[in-house]
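A.B. asks: predicted model and sequence follow; I will ask about them next.
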Amino acid sequence: DGGITQSPKYLFRKEGQNVTLSCEQNLNHDAMYWYRQDPGQGLRLIYYSQIVNDFQKGDIAEGYSVSREKKESFPLTVTSAQKNPTAFYLCASSQARGGTPYEQYFGPGTRLTVT
Amino acid sequence: RKEVEQDPGPFNVPEGATVAFNCTYSNSASQSFFWYRQDCRKEPKLLMSVYSSGNEDGRFTAQLNRASQYISLLIRDSKLSDSATYLCVVKTANTGNQFYFGTGTSLTVIP
């Protein structure tokens, strides 16, 4: 089955530690995205990548880093510089053919709690 | 001004009712429009894309008004299983193919 996987589902870390969230897709999608969702709020874009070895900052990139070494994988590192890292992190992917409507598909998310 | 705005609700409706949600977007260059459904503590799932001519999928009807820059979703004959948060999503090519999400409209269908 094609889809997007994120691991782990729940993650607990101590303040000051970096943590990397995994996102893998086998949909052969070009574009991948990382969002953060806080309770009662909408999704906010952290980083996105339209092709391998290239990515752009979203609205709230500070304190986060990403890499896109393979088409299937787009890991997100939450660094100790992120002031409020506790949140629900969602990875998504989509085709990237300009001019044609296409949808985003989401992974199941990772709930990160930092204490 | 937010890229996408939705009435957060909540909408509490009885089973069988018809309910409509609206969403406005600010960028006139927006080119793709979607409704997603998000259940509590789950990921958003695509409900339907919204096409210029309007489109229907069973009990769900989506409309796009480019002149007024709004999108609507109509749910007929509401079911208990329709209870969720509905997210309006807009994609704009001139901002690097980013997707912009509304904060969502909460729907509870009451028996």
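C.D. replies: In hand now; what should we look at? Keep in mind the model is a prediction, meaning the values are calculated, not measured.
A.B. asks: show me the contacts for the spatially most central residue of chain A.
C.D. replies: Nearest to the mean C-alpha position of chain A, by CA atoms, centre = their mean, lies residue A:34 at 2.6 Å. Taking CB atoms under 8 Å, 6 or more residues apart in numbering or on different chains, we find residue A:34 in contact with A:23, A:45-48, A:58, A:64, A:66, A:74, A:76, A:89-92. Every residue, glycine included, has its C-beta placed from N, CA and C.
A.B. asks: count of residues packed around the residue lying closest to it once chain neighbours are set aside?
C.D. replies: Once flanking residues are discounted, residue A:34 sits nearest to residue A:46: 4.3 Å by CB to CB, 6 or more residues apart in numbering or on different chains. Residue A:46 is flanked by 26 other residues according to other CB atoms under 10 Å in any protein chain shown.
A.B. asks: also residue A:2?
C.D. replies: Using other CB under 10 Å, residue A:2 has 9 other residues around it.
A.B. asks: can you pull the contacts of the closest residue to it other than its chain neighbours?
C.D. replies: Spatial nearest neighbour of residue A:2, excluding adjacent residues (CB to CB, 6+ apart): residue A:27 at 4.8 Å. Contacts for residue A:27 (CB under 8 Å, 6+ apart) come out as A:2, A:3, A:4, A:93, A:105.
A.B. asks: measure residue A:27 to residue B:108 for me?
C.D. replies: From residue A:27 over to residue B:108 the distance is 33 Å, taken as CB to CB, to the nearest Å.
A.B. asks: same check, this time on residue B:36
C.D. replies: Distance from residue B:36 to residue B:108, by CB to CB: 18 Å.
A.B. asks: compare those two and say which is more crowded by neighbours.
C.D. replies: Neighbour count, other CB under 10 Å: between residue B:36 and residue B:108, residue B:36 has more, with 24 against 14.
A.B. asks: and the more buried one, helix, strand or coil?
C.D. replies: Following DSSP: H, G, I helix; E, B strand; the rest coil, residue B:36 is assigned to strand.
A.B. asks: across the sheet, point out what pairs with it.
C.D. replies: Taking DSSP bridges as the rule, residue B:36 bridges to residue B:46, residue B:87.
A.B. asks: ok, now residue A:25?
C.D. replies: residue A:4.
A.B. asks: same question, residue B:25
C.D. replies: Residues in beta-bridge contact with residue B:25 (DSSP bridges): residue B:4.
A.B. asks: could you say which helix or strand contains residue B:1?
C.D. replies: For residue B:1, there is no helix or strand it lies in under DSSP states H and E.
A.B. asks: touching, it and residue B:27? I think so.
C.D. replies: No. Using CB atoms under 8 Å as the test, residue B:1 is too far from residue B:27 to be in contact (9.9 Å).
A.B. asks: looking at these two, which is more packed in?
C.D. replies: Neighbour count, other CB under 10 Å: between residue B:1 and residue B:27, residue B:27 has more, with 16 against 6.
A.B. asks: chain B: strands as residue ranges?
C.D. replies: Secondary structure of chain B by DSSP state E: the strands cover B:4-6, B:11-14, B:19-25, B:30-38, B:45-50, B:55-57, B:60-65, B:70-75, B:84-92, B:98-101, B:105-110.
A.B. asks: redo those strands as a markdown table? Include mean pLDDT.
C.D. replies: Putting the strands of chain B into a markdown table (pLDDT from 0 to 100) gives the following:
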| stretch | mean pLDDT |
| --- | --- |
| strand B:4-6 | 94 |
| strand B:11-14 | 96 |
| strand B:19-25 | 95 |
| strand B:30-38 | 93 |
| strand B:45-50 | 94 |
| strand B:55-57 | 94 |
| strand B:60-65 | 96 |
| strand B:70-75 | 96 |
| strand B:84-92 | 93 |
| strand B:98-101 | 90 |
| strand B:105-110 | 96 |
